[in-house]
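*Asks:* Take this sequence and fold it.
(chains A and B)
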Amino acid sequence: DAGVTQSPTHLIKTRGQQVTLRCSPKSGHDTVSWYQQALGQGPQFIFQYYEEEERQRGNFPDRFSGHQFPNYSSELNVNALLLGDSALYLCASSSPGLAGAYEQYFGPGTRLTVT
Amino acid sequence: DAKTTQPTSMDCAEGRAANLPCNHSTISGNEYVYWYRQIHSQGPQYIIHGLKNNETNEMASLIITEDRKSSTLILPHATLRDTAVYYCIVRVAVSGSARQLTFGSGTQLTVLP
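*Replies:* This is a model prediction of the structure:
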């Protein structure tokens, strides 16, 4: 059983460009959350998708948007990239019901570098 | 969600128990204590969670004080592979949406040979 997978592993973009990151949740999981982790800091919550809708959002600008597909996979889009968007982007999934509230499974992340 | 306070860093000798403290003095009655860890360049990994009682699983033990204002994560026999940043998180358990985790800076545990 594959865990949470993310693609690509690494990405280099230029300021002003747009980027799309992808996440496939663990089998049986229906909720996907995205986090940004700057170097030396803890992950910061971006937003969460459940039933193909954005349910919760952290303190991130509208340049950050996402989507969840019927198969529960998800995309994170960032427009007009800034140097400060350079970070590790983590995807986490959890299972339906209350059990999913206890444990989230994280993917290995996508390292985004903006030059 | 209640805030947590953890030491910035700790060392532990290999094979000894690692005891990682966490203060959460403003915890509410329905908030759980969760522990995650993040090994360098990997995604965070769930370790354990608890509400009131002490908990144990194959990875660790969680000791929560009676007033629930602090807790300790115990790795009974630390190995070099346990070197990681350990995050203590306090939040309610919600079914469906609203499952985001609020990470602080965590404790960098270094297991020494």
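
*Asks:* Quick check, central residue of chain A?
*Replies:* Of all residues in chain A, the one closest to the mean position by CA atoms, centre = their mean is residue A:34, 3.0 Å from it.

*Asks:* Apart from its chain neighbours, what residue comes closest to it?
*Replies:* Leaving aside its sequence neighbours, residue A:34 sits nearest to residue A:46 (CB to CB, 6 or more residues apart in numbering or on different chains; 4.3 Å). Placement of C-beta: from N, CA and C, glycine included.

*Asks:* Whatever helix or strand the one you found lives in pairs with which strands?
*Replies:* Residue A:46 is part of strand A:44-50, with elements assigned from DSSP states H and E. Strand A:44-50 has these partner strands in its sheet, going by DSSP bridges: strand A:31-37 (antiparallel), strand A:53-57 (antiparallel).

*Asks:* Can you flag the weakest of the ones you listed by average pLDDT?
*Replies:* When these are compared on mean pLDDT, strand A:53-57 scores lowest, with a mean of 90.

*Asks:* Whichever helix or strand comes after it - which strands sit beside it in the sheet, and in what orientation?
*Replies:* Next helix or strand after strand A:53-57 toward the C-terminus (DSSP H and E): strand A:64-68. Applying DSSP bridges, strand A:64-68 is found paired with strand A:74-78 (antiparallel).

*Asks:* Let's test this: mean pLDDT of the strand holding residue A:46, rounded?
*Replies:* On average, strand A:44-50 scores 93.

*Asks:* hey, where'd the helices end up in chain B?
*Replies:* Per DSSP state H, chain B carries no helices over any range.

*Asks:* What does the pLDDT read for residue A:84?
*Replies:* The predicted local confidence for residue A:84 is 97.

*Asks:* OK, contacts around it?
*Replies:* residue A:114 (CB atoms under 8 Å, 6 or more residues apart in numbering or on different chains).

*Asks:* at 10 Å instead, please
*Replies:* Residues in contact with residue A:84 (CB atoms under 10 Å, 6 or more residues apart in numbering or on different chains) are A:38, A:114.

*Asks:* In a strand, it, correct?
*Replies:* No: applying DSSP: H, G, I helix; E, B strand; the rest coil, one finds residue A:84 to be helix, outside a strand.

*Asks:* Roughly how far does it sit from residue A:77?
*Replies:* To residue A:77, residue A:84 is 17 Å away according to CB to CB, to the nearest Å.

*Asks:* same question, residue A:42
*Replies:* According to CB to CB, residue A:42 and residue A:77 sit 23 Å apart.
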